[in-house]
Each structure stands twice: as structure tokens, then as C-alpha cells.
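Visitor: Here's my sequence, what's the structure:
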Amino acid sequence: IFAQCLPLCTMRTVARAGRRAKRARIFALTKGFYGRQKNVFSVAVRAAERAMQFQYVSRRLRKRDMRSLWIQRIGFAAKEHGINYSNFMHTLAVSDVALNRKVLSEIAVYEPKSFQSLAQFAKTRHAESKSGLKLLLKK
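Guide: Reported below is the predicted structural model:
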């Protein structure tokens, strides 16, 4: 009778990872950590949770940092051609130039002549809009 019951007795009652698999997963996450964080389960669980929280936040911070990097690159490249960042971006937006900041920064770094033509275009359009505004104010 016991032999017939054996397969049923060793089956899991809940469908989830066993103790060894759970510990192995946590220790795999904390591999390379300092001190007891890598080999004491109760400490490793907290360290892994904290590390995953930092990863979550950092994925969003990376997007923010990349956008600020693109803005800096565009700003410096535009200044080299005699127009500031805000006027450059505003003129491109008004002129329906559909290039985002990422593409504009890549152009500024890897294709300076193309960026120079964009900056020249923005400068002329900006000067035209300023002169048009002065004419409207005189009337």
C-alpha cells in the first residue's frame, strides 16, 4: 500500500518552484554581490529585491539621460553655426521638419555638413519670421 501511495505523497500540492529552485534563482540574481548578500538566503532575498528596484528606476533614468545628451549635442552643434538650441528647434518644428532629437544629434555628430545645412535653413527661417514680426508691429 505504501508503494502505491509513494508517487502521490511526493507530488507538490502547490504549483510553484521548490525550495532548492527558489534559492538557486535568488543566488543567481545575487552572484557577485559583496559579503553575505551572495550566500545567505535571507540577506540575498533583500539584496535581490533592492537591486531589482534600482534596475527598474535606472531603466527610466537612462531614457532621461539620453534625451539630455541629445539636447546637449544639438545645442553645441547649433551654437557652432550661430543659432541657439531653442530657436533652432522651434524653427524646425514650425517648418514641419520631422526629425526628432535623437536623429538630429546623430546628424550633428556623424554628418556635420548635413547639420550645417539644417542650421542654415533654421537661421534663414528664423530671420524671416523676425522681420515679418517687425513689419506687423510697425503697422
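Visitor: Tell me the helices and strands packed up against the biggest helix by length in the chain.
Guide: Determined from DSSP state H, the single longest helix within the chain is helix 41-80. Applying 3 or more C-beta pairs under 8 Å, 6 or more residues apart in numbering; DSSP states H and E, one finds that helix 41-80 makes contact with helix 19-29, helix 85-94, helix 101-110, helix 112-138. C-betas here are computed from N, CA, C, even on glycine.
Visitor: one more time with 7 Å, if that's ok
Guide: helix 19-29, helix 85-94, helix 101-110 (3 or more C-beta pairs under 7 Å, 6 or more residues apart in numbering; DSSP states H and E).
Visitor: and of those helices, who's closest to Val57?
Guide: Across the helices and strands packed on helix 41-80, the minimum distance to Val57, taken as C-beta to C-beta, is reached by helix 19-29, at 16.8 Å.
Visitor: Which positions within that closest one qualify as buried?
Guide: Buried residues in helix 19-29, counted by 16 or more other C-beta atoms under 10 Å: 26-27, 29.
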